[in-house]
Each structure stands twice: as C-alpha cells, then as structure tokens.
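Enquirer: next one to model:
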Amino acid sequence: MIDTSLRRWLPTWFGGVPGGRRTPESFRPRGTSSKVSRLAAQYDADVDAALQRLWPKARIYHDREFTRDRADFLLVVRGRGVMIETKVKSDPGLFRGSTLPPLLDRLQRDGRRLVVLVNQGDPTPARDLISTKLGDKGRILVWSGPHHDTELRQAVESLLQQTTRHA
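Expert: Got it, this is the predicted structure:
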C-alpha cells in the first residue's frame, strides 16, 4: 500500500525531514529491522552525543550511507580530522574486526587516523589488525557510555597530536 499522506512526502521533496533534525541513524539506513540494526542506530546516536559533549566546538560529519569502506563519522577538532567507526556486538565475546579490512585498506592509502568504538567485548584481535594496517594512526576501545568518555578523549587527542600530511 502506498502512503498518500502529503504531510509525510512533501517535506522530503523540498529537503526537509518529517520530525525535524536528521539523526545519525536516519543518514544510514541499514535495510533491516533486526535487533543489532536497532542497537547500531542507537549506538551511533549515543556516540554522536558523546562527540558533541567532549568537543562542543568540533565539526562532526556523518556518512550518509552504510558502507564498509568509509567510517561512520569524521570528527574535525582544531582543523585536524579523526575518523570514527562504530561497531555493535550483540554478545560480550571477542571482537575480531572481520568487517574492518575494507575501511582499514582505504584509510591506510589515505593516511587517515581512525578510532574504532565497540559497544562491548574484548577488542584484542581487532587491535592487532588495526595496528598491522594503520600502525600508530589507529585506536580501538570499548565505549558504552559517558563513563568511558575519558578513554575516548585520550584516544582521539593522541591521534590529533600526530603530524601527518592529511587533516
């Protein structure tokens, strides 16, 4: 059945979004309504809020579509950029990073800095993968809320202090 309500369609024709400001989860439709997809959308919104809280004057860019070779966020602080990738696990086991290689390959070529945030689990295997591909330009940490903000700030700030040819 086709939705014929003009109130829902008209704003999208003129660039508006029903309900106001676009949220990160509306930028990247994941195509499913699975529990992990819903958790990922909420996690992205929580990470966005944390970035705004920790760096209120920073520019935060959201990727508009879900792809494996681009990071979810670009955080620009004091003219320097750090890519932020979010990963959601439904269980507290190991995070191996099997979905990271396309992104790591691209960032390795571009010389970009990356912080990977995982909602839970042990990121040790993925840490080895990131270290192999990006060296000291990559970090991974478990971030599950404001109580982990200190670790997030330290990871991003340590990458921002590096001098590279790319912002």
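
Enquirer: C-alpha only now, for contacts and for neighbours.
Expert: Will do.

Enquirer: what ranges do the helices span in the chain?
Expert: If DSSP state H is used as the criterion, the helices of the chain fall at 6-13, 24-27, 35-54, 101-110, 124-134, 149-160.

Enquirer: quick one: contacts of the fourth one?
Expert: Right, helix 101-110. 68-71, 113-114, 130, 133-134, 166 (CA atoms under 8 Å, 6 or more residues apart in numbering).

Enquirer: quick one: contacts for residue 90?
Expert: Contacts of residue 90 (CA under 8 Å, 6+ apart): residue 36.

Enquirer: just give the nearest non-adjacent residue to residue 146, would you?
Expert: In this structure, residue 146 finds its nearest non-sequential neighbour in residue 50, 7.1 Å apart by CA to CA, 6 or more residues apart in numbering.

Enquirer: pull the contacting residues for the one you found.
Expert: Residue 50 sits next to 145-146, 149 when contact means CA under 8 Å, 6+ apart.

Enquirer: again with residue 129
Expert: Counting by CA under 8 Å, 6+ apart, residue 129 makes contact with residue 97.

Enquirer: same thing but 10 Å
Expert: Shown in contact with residue 129 (CA atoms under 10 Å, 6 or more residues apart in numbering): 96-98, 100-101, 104, 135, 138.

Enquirer: longest strand of this structure?
Expert: Counting residues, the longest strand found in the chain (DSSP state E) is strand 80-87.

Enquirer: sheet-wise, list the partners of it with their directions.
Expert: Paired neighbours of strand 80-87 in the sheet (DSSP bridges): strand 73-77 (antiparallel), strand 114-118 (parallel).

Enquirer: to residue 57, which of the ones you listed lies closest?
Expert: Between residue 57 and those, the tightest spacing by CA to CA is seen for strand 73-77, at 7.6 Å.

Enquirer: quick check: mean pLDDT of that closest one?
Expert: Per-region confidence: strand 73-77 scores 95 on mean pLDDT.

Enquirer: how far does it sit from its chain's centre?
Expert: Relative to its chain's centre, strand 73-77 lies at 10 Å (CA atoms, centre = their mean, to the nearest Å).

Enquirer: now it against helix 35-54, angle please.
Expert: Angle of strand 73-77 versus helix 35-54, following axes from the mean of the first three to the mean of the last three CA atoms, to 10 degrees, is 10 degrees.

Enquirer: could I get the contacting residues of the closest residue to residue 140 other than its chain neighbours?
Expert: Excluding the flanking residues, the one nearest residue 140 by CA to CA, 6+ apart is residue 116, at 4.6 Å. Neighbouring residues of residue 116 by CA under 10 Å, 6+ apart: 71-72, 83-87, 97, 100, 123, 126-127, 130, 138-143, 152, 155.
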